[in-house]
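Trainee: I'd like to go over a predicted model; first the sequence, then the structure.
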Amino acid sequence: MGLDITAYQGLKEDADKPMTDDYDYDTHVRFWSNSDFPKHIGEKLKERTLYTFQHRLGFRAGSYSGYNQWREGLAKLIGTTCGRLWDNPQPGPFVELLNFSDCEGTIGPELCAKLYRDFVDHKDKAEKHEPYGADTEANAWWVENYNHWLHAFEMGMQDGAVDFH
């Protein structure tokens, strides 16, 4: 088991389709807010509403422990730890991702835009980052995952969302 991510771009509410549990996952999606982070879904998305989408991208963020190690590397990139951010959340780069669920929830387009800017602003530093010390293979995976997240948030900011499942 682990954390899977799906990024959506070009969401449009499908008012003609009644909300049921029986819908085509290839053409429609619905979102839920994580009750521990209710503001992450944003103002533009409605829960339990069916949407169509123009584009979808999925990737595996890692096992739960692997994702959390990757997330610690992201915190290290900005000079902190996840624990410090969880104890005292402060505005800053990546905070909305670092201080979010590691298993389920939705980040709406507003926060996707902010996170995309954070990823772009730190990309050069991230490409040189070595959160796993001398383990070049693990460091390469970390950078590859960084680029997946950057692309996911780029899609999500374009009338989309990033869904954790």
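Mentor: Arrived safely, thanks for sending.
Trainee: element containing the residue nearest in space to the middle of the chain, please.
Mentor: Nearest to the geometric centre of the chain sits residue 162, at 5.0 Å (CA atoms, centre = their mean). Following DSSP states H and E, one finds residue 162 within strand 161-164.
Trainee: which residues in this protein form strands?
Mentor: 2-9, 12-13, 51-52, 55-63, 105-107, 161-164 (DSSP state E).
Trainee: quick check: longest helix of this protein.
Mentor: helix 136-156 (DSSP state H).
Trainee: on contacts alone, who are the packing partners of that one?
Mentor: If contacts are counted by 3 or more CB pairs under 8 Å, 6 or more residues apart in numbering; DSSP states H and E, helix 136-156 sits against strand 2-9, strand 55-63, helix 64-77, helix 109-121, helix 123-128, strand 161-164. Every residue, glycine included, has its C-beta placed from N, CA and C.
Trainee: 10 Å instead, please
Mentor: Applying 3 or more CB pairs under 10 Å, 6 or more residues apart in numbering; DSSP states H and E, one finds that helix 136-156 contacts strand 2-9, strand 55-63, helix 64-77, helix 95-98, strand 105-107, helix 109-121, helix 123-128, strand 161-164.
Trainee: Please export the C-alpha coordinates of it as CSV.
Mentor: The C-alpha trace of helix 136-156 is given here as CSV (Å, rounded to 0.1, in the frame of the first residue of the first chain):
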residue,chain,number,x,y,z
THR,A,136,22.7,8.6,-5.8
GLU,A,137,19.9,6.3,-6.8
ALA,A,138,17.6,7.4,-3.9
ASN,A,139,18.5,11.1,-4.6
ALA,A,140,17.6,10.7,-8.3
TRP,A,141,14.2,9.2,-7.2
TRP,A,142,13.7,12.2,-4.9
VAL,A,143,14.3,14.6,-7.8
GLU,A,144,12.1,12.6,-10.1
ASN,A,145,9.3,12.7,-7.6
TYR,A,146,9.8,16.4,-7.1
ASN,A,147,9.2,16.9,-10.9
HIS,A,148,6.1,14.7,-10.7
TRP,A,149,4.7,17.0,-8.0
LEU,A,150,5.6,20.1,-9.9
HIS,A,151,3.7,18.8,-13.0
ALA,A,152,0.8,17.7,-10.9
PHE,A,153,0.4,21.2,-9.3
GLU,A,154,0.8,22.8,-12.7
MET,A,155,-2.2,20.8,-14.0
GLY,A,156,-4.2,21.4,-10.8
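Trainee: Good, we can wrap up now.
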